[in-house]
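K.L.:
Next come a sequence and a model predicted from it.
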Amino acid sequence: MKKLTLILCFLLGGFAVQAQVKTVAIKTSAICEMCKATLEKDLTFEKGVKSVNLDLETKVLNIAYLDSKTSPDVLRKRVTMVGYHADSLKRDPKAYAKLDECCKDGAHDNDPPKKKKDGN
Ligand SMILES: [Cu+2]
């Protein structure tokens, strides 16, 4: 998967000679699959973003972006506006309040290790 993304970036970069594709790794406060989906979806719509991938184990968001269209600072800011910390930047409290309960601090701390049963 990572390899495929790299190849894709390479190809895109080759076609757009002028535009330089760079990558940035942003440490976030994401904790579950829903965080991953939310962040990846939102950042995809940010101007100049080529690809987004969140590694849930490390909580690092890897973004490939066009140097001429955006910057790591803008991207970090965007992450905070979705409701997550981004490196040393704190999340926007209002955005955080709107997140699903399962995406809030400690929501998964007591999860049994992959043994959840359906129903109550
Ligand atoms: Cu979540």
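P.N.:
Arrived safely, thanks for sending. All values derive from a computational prediction rather than experimental measurement.
K.L.:
from here on, contacts and neighbour counts on C-alpha atoms
P.N.:
OK.
K.L.:
where does the protein dip in pLDDT?
P.N.:
Applying pLDDT under 70 to the chain picks out residues 1-2, 4-18, 114-120.
K.L.:
ok, which stretches of it are helices?
P.N.:
2-15, 33-44, 72-82, 93-98 (DSSP state H).
K.L.:
how about stretch 20-30: buried residues?
P.N.:
Using 16 or more other Cα atoms under 10 Å as the test for burial, stretch 20-30 gives Val21, Lys22, Thr23, Val24, Ala25, Ile26, Lys27, Thr28, Ser29, Ala30.
K.L.:
Can that stretch be said to contact the ion?
P.N.:
No. Residues of stretch 20-30 are not located near the ion by Cα under 5 Å from the ion, the shortest gap being 6.1 Å.
K.L.:
which outside residues touch that stretch?
P.N.:
For stretch 20-30, the external contacting residues (Cα atoms under 8 Å, 6 or more residues apart in numbering) are 9, 13, 36, 56, 58-68, 72, 76, 79, 84-87, 103.
K.L.:
Repeat that for stretch 64-81.
P.N.:
Residues contacting stretch 64-81 (Cα under 8 Å, 6+ apart): 9, 19-24, 26, 28, 39, 43, 46-52, 85-87, 89-92, 95.
K.L.:
change it to 7 Å
P.N.:
19-24, 47-52, 85-86, 90-92, 95 (Cα atoms under 7 Å, 6 or more residues apart in numbering).
K.L.:
With Ala97 as the reference, measure out to Leu54.
P.N.:
Separation of Leu54 from Ala97 (Cα to Cα, to the nearest Å) stands at 21 Å.
K.L.:
Please list which of the contacts of stretch 20-30 also come close to the ion.
P.N.:
Restricting those to those touching the ion (Cα under 5 Å from the ion) yields Cys103.
K.L.:
partner residues bridging Lys27?
P.N.:
Val60 (DSSP bridges).
K.L.:
Next, work out how far apart it and Lys104 are.
P.N.:
Lys27 sits 16 Å away from Lys104, going by Cα to Cα.
K.L.:
More neighbours: Leu54 and Ala97, which one.
P.N.:
Neighbour count, other Cα atoms under 10 Å: between Leu54 and Ala97, Leu54 has more, with 22 against 12.
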